[in-house]
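1. Okay, predicted coordinates and the sequence, questions at the end:
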Amino acid sequence: MTKRQRNLLVKIIAGAVLFAVAMVIKHVVDLPWWGELILFLAVYAEAGWDVIYKAGRNIAHGQIFDENFLMAVASVAAFAIGEYPEAVEVILFYQIGTWFEQMAVGRSRQAVSDLLDLCPDEATVLRDGKPETVLVDEVEVGEHILVRAGEKIPLDAVVFQGHTTLDTAALTGESMPASVKEGDEVFSGCVNLSGAIELTVTKPASESTAAKIMEMVESSASSKAKTEQFITKFARYYTPCVVIAAVILAVLPPLITGQAWSEWIYRALTFLIISCPCALVISVPLSFFGGIGCASKQGVLVKGSNYLESLSHAEIVVMDKTGTLTEGKFHVTQQNAVGISEAEQLELAALAESASNHPIGQSLREAYGKELDISRVQDIQESAGHGVSALVDGKKVLAGNAAYLQEAGLEPLVPRQTGTAVHVAVDGVYAGYLLIADAIKPDSAEAVRELRRSGIDCLAMLTGDSESTAKAVGEALQLDEVHAKCLPADKVSYMQQYREKLSSGRTLVFVGDGMNDAPVLAQSDVGVAMGGLGSDAAIAAADLVILDDKPSKLAFAVRVARKTMRLARENIVFALGVKAVILVLGACGLAGIGWAVFADVGVSVIAILNATRAMRQK
């Protein structure tokens, strides 16, 4: 508990004890009316004087019709008609409800505030070879900083010296530490778990990954969902109407029927207490805040509760291929060696491609996995877009596409699987091929299954890749629709077509890498960027950012969004339903202040506790 929460709890306990003592004295001692008034006024001052103060302060600032005003009017009027114990009960139970509210809000904010504590304020800079502690704002790009074991990385940087493991859970929600070495990029907010490392700063503090995430989280509260906006507007008109209705209930019946004023004033007070909109005003925003906090703990950043609400109505999800469903990196997926071993085939191809900057050449060298002895390679000749030839250990090696080897008078095999084939020949003899493809991410299939389980009606893929590659990925993941060879304008056209297919009240979601999909993101109701960690464009362009590369997090976000909306609707129906019933009973004199307190404080506490369930989603 915070200091404020502890102080309120002490006030409640002290007020409850004093109230119990006052009730005993009232029944044991025959006090005059003024003695009883002083006794309960003393208890009231201990338990709820701050409510009167807040009501007066808000009235002075033009904010009249709030819960403090309603409680103050109800309790003071109860004193005026001689219902002293009821006046204290109203304010005491209202304080109990306020304490529950503060505790629930504190819990929901904790998940988000953890993100806002990503970075330290200071960094250890190496200047003239000596460590110097300075504020992160004073560190310039290009300077070297030292991060010891157990410390957080204060700025985005590249490892200059050393190797270690990093805890990225604060950013991505992943518990598995990541290993980094010299030349690897690291991001602010990660925790250095093992050895000390020296880093070269690549971005100033204001542009670091953690700073962008913190800015995004802080601004999420300003983007309210339609449900939240409805509740805010509802409360703005609802409370004045209720006050007017209570005044009419207190004045009109006695004037018409001649009945006792005290009876109808009592009913009007009951009416006021019942009608307090705390349960709605608190629990609905709390549900959305809890949902955003739950998602952020798993590395899914939501820019506002309006996007969470839109995601809950998702009907069609359209995804990019490269970097979203696939890893975006070429890998050797199959070898077919002819006349030589697979190891020798791979070694010769890697050596022949040793000087190439092409992604295919890089993938061959990565698959080889050993340090290349370039002294074995001579006379490298590259034909752009076709292949390379080189002398490796005195043997002429060709490595390239089928057309390249056909020009050399060879007949290469035709691969049965999808991918880019690198055909190899040694001294004029065909030596088979290596198949290179962009591998599907390990959890893409799980993401598709979970999205279908969440009720998504259509899963589609738009890609600029070839028809055969796109079809292979679509079949492997069992997608509903696949569109290949898409230029940016084509993707926009397809998104417009999907929008026309949407049912009423349902939404269109696009998932991409956030880098080159800005036109498509604009066509969607919810734009989701995959792998946004360290990507300025992803954080800027998308409505949701998944900080790691796991598409299954999208299905998780959909579940969180739908649970959040369900809880918000439950609270609205429950609160309005209970209040409506007890309002009628109170107006008819069948429900007293005890029922009124339940309709206000009890309903608020139940609704708040229900709203906190939004924070619990596996």
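-> It's in.
2. Break this structure into its domains for me.
-> Taking automatic domain parsing as the domain assignment, the record places the domains of the chain at 1-117, 122-207, 328-439.
3. what separates the longest one from the chain centre, distance-wise?
-> The gap between the average C-alpha position of domain 1-117 and the chain average comes to 36 Å, counting by C-alpha atoms, centre = their mean, to the nearest Å.
4. go on, stretch 378-394?
-> With C-alpha atoms, centre = their mean as the basis, stretch 378-394 stands 50 Å off its chain's centre.
5. got it, and stretch 456-466?
-> With C-alpha atoms, centre = their mean as the basis, stretch 456-466 stands 24 Å off its chain's centre.
6. Can you list the buried residues in that stretch?
-> 456, 458, 459, 460, 461, 462, 463, 464, 465 (16 or more other C-beta atoms under 10 Å). (Each C-beta comes from the backbone N, C-alpha and C, glycine too.)
7. Mean confidence (pLDDT) on that stretch, please.
-> Across stretch 456-466, the average pLDDT comes to 87.
8. which residues touch that stretch?
-> By C-beta atoms under 8 Å, 6 or more residues apart in numbering, the residues outside stretch 456-466 that reach it are 314-322, 325, 438, 448, 451-452, 469-470, 473-474, 479-487, 490-491, 494-495, 498, 501, 520, 558.
9. which residues touch the closest residue to residue 347 other than its chain neighbours?
-> Nearest-residue entry for residue 347: residue 368, 6.3 Å, with adjacent residues in sequence omitted and distances by C-beta to C-beta, 6 or more residues apart in numbering. Residue 368 is in contact with 346, 347, 350, counting by C-beta under 8 Å, 6+ apart.
10. before we move on, back to that, could I get the domains of the chain in TSV, plus columns for mean pLDDT and distance to residue 263?
-> Below are the domains of the chain laid out as TSV (pLDDT from 0 to 100; distance: least, C-beta to C-beta, whole Å):
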stretch	mean pLDDT	distance to residue 263
domain 1-117	77	9
domain 122-207	86	59
domain 328-439	88	75
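11. Centre of the chain to the host helix or strand of residue 510, how far?
-> Using DSSP states H and E, residue 510 sits within strand 507-512. Put simply, strand 507-512 sits 16 Å off its chain's centre (C-alpha atoms, centre = their mean).
12. Stretch 246-256 now?
-> 51 Å.
13. Now it: buried residues?
-> 246, 249, 250, 253, 254.
14. got a list of contacts for it?
-> Counting by C-beta under 8 Å, 6+ apart, stretch 246-256 makes contact with 259, 260, 261, 264, 265, 267, 268, 269, 271, 272, 275, 587, all of which sit outside it.
15. Out of the residues you listed, which end up buried?
-> With neighbours counted by 16+ other C-beta under 10 Å, these contain buried members at 264, 265, 267, 268, 269, 271, 272, 275, 587.
16. Of the contacts of stretch 456-466, grab the buried ones for ChimeraX.
-> Command for ChimeraX that selects the buried part of those, burial taken from 16+ other C-beta under 10 Å:
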select :314,315,316,317,318,319,320,321,322,325,438,448,451,452,469,470,473,474,479,482,483,484,486,491,494,495,498,520,558
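17. Just the ones in strands from the contacts of stretch 456-466, please.
-> Among the contacts of stretch 456-466, the members falling in strands (DSSP state E) are 314, 315, 316, 317, 318, 319, 320, 438, 481, 482, 483.
18. got CSV for the residues you listed, with distance to residue 360 too?
-> Shown next, in CSV, are those (distance: C-beta to C-beta, whole Å):
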residue, distance to residue 360
314, 37
315, 39
316, 35
317, 31
318, 29
319, 25
320, 22
438, 11
481, 29
482, 24
483, 25
